[in-house]
Each structure stands twice: as C-alpha cells, then as structure tokens.
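Colleague: pasted the sequence and its predicted model underneath.
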Amino acid sequence: MAENQESKSVTSMLTDEQVLVWMEEHLAELRHSVSGQSILYQSLAISFVVGLAAHVGGYVLLSSVPNGLLGLLADLLHALGWSLWTGVVVAVFVQVIPEAKRRQIKGVLHAYEAIRREKAQTRGDRAGAVLQKPAASRGEREPGQKQRRNRTRKGE
C-alpha cells in the first residue's frame with residue numbers, strides 16, 4: 001500500500017511542467033550520480049566528519065564535566081563519535097577500496113579483450129580462432145599429451 005502511495009506522489013510530481021523542465025536539464029547529472037559511487041562516498045565523508053567531531057566534542061566534555069547526567073551524555077557522545085568514524089574507516093577498507101580495485105581490474109580486462117579482438121580482426125579468421133581458443137590447463141590435458149608433444153620436438 002505504501003508503494004502505491006509513493007508511485008502516486010512521484011507521478012503527481014512529474015505532471016508539473018517546471019519539474020519536467022528541470023529534470024530534462026539535469027538528466028545527465030542525475031544518471032551519473034545514481035550510477036556511480038558518489039552517494040556512497042558523500043555519505044562516508046559526512047559520517048567521518050560528524051563522527052570525528054562528536055568524538056572530539058565528547059572527549060572535551062568528558063574532561064570538563066565530572067559526573068552526573070551531563071557526564072553520561074558526554075560519554076555517550078564520545079562513544080558514538082568513536083564508533084561512527086571508525087566504522088567509516090572499516091567500511092573504506094572492506095568495501096570502497098576492494099570495489100575500486102575490482103573496477104580497475106575490470107577496465108584493464110576490457111581493454112585487453114578489445115586489443116585481442118582488434119588483433120584477431122586484422123590477422124584474419126585463422127588467427128582469430130587461435131586467439132579465441134584458451135590454452136588447456138594441466139587438468140584438461142589428455143594423459144600423455146605432454147610426452148607426445150616433447151617427442152615431436154625432439155624428433156622421435
């Protein structure tokens with residue numbers, strides 16, 4: 001039921017002519033922000049700054065306020081800040097850096113495959129077939145295949 005109400009509000013919003021004009025002007029930027037990782041990076045940066053500020057603020061309050069309710073709030077603020085900014089650091093090491101490395105390797109593989117296809121097209125069909133055929137690994141070879149190949153090299 002909530003989905004139906006949400007779709008009605010979006011549909012009613014998109015009937016406004018000014019909204020449609022704005023969407024048309026900013027469509028490329030919107031698609032880029034949705035497809036990329038910018039929302040993740042922005043939220044991580046904001047969380048890190050807020051967490052660090054809360055950590056420092058809680059520490060300052062802890063050192064100046066001895067006990068009582070204010071001391072408890074200072075301790076909670078200090079712990080919240082510490083957990084927030086260290087959580088961001090962990091997320092960067094566990095999610096962001098491996099994802100960036102994966103995208104980097106994926107780009108290199110795409111470039112390599114494009115070069116292979118280009119070379120295959122320039123050399124002709126026979127060379128293309130050779131480039132497309134993967135080399136057999138040790139487990140995929142027939143028994144004695146290496147020995148036969150070595151004998152033919154030696155001239156036996």
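Modeller: Received, thanks.

Colleague: what's the burial count for residue 35?
Modeller: Look at residue 35: counted by other Cβ atoms under 10 Å, it has 8 neighbours. Where C-beta positions appear, they are placed from N, C-alpha and C, glycine not excepted.

Colleague: swap that for residue 96, sorry
Modeller: If we define neighbours as other Cβ under 10 Å, then residue 96 has 15 of them.

Colleague: hmm, it is touching residue 45, no?
Modeller: No - if you go by Cβ atoms under 8 Å, residue 96 and residue 45 don't touch, sitting 10.9 Å apart.

Colleague: buried ones in the host helix or strand of residue 70?
Modeller: Secondary structure assignment for residue 70, by DSSP states H and E: helix 69-91. Of the residues in helix 69-91, 74, 77, 78, 81, 82, 84, 85, 88, 91 count as buried by neighbour count, 16 or more other Cβ atoms under 10 Å.

Colleague: same deal with stretch 103-120?
Modeller: Under the neighbour-count rule (16+ other Cβ under 10 Å), stretch 103-120 has residue 120 buried.
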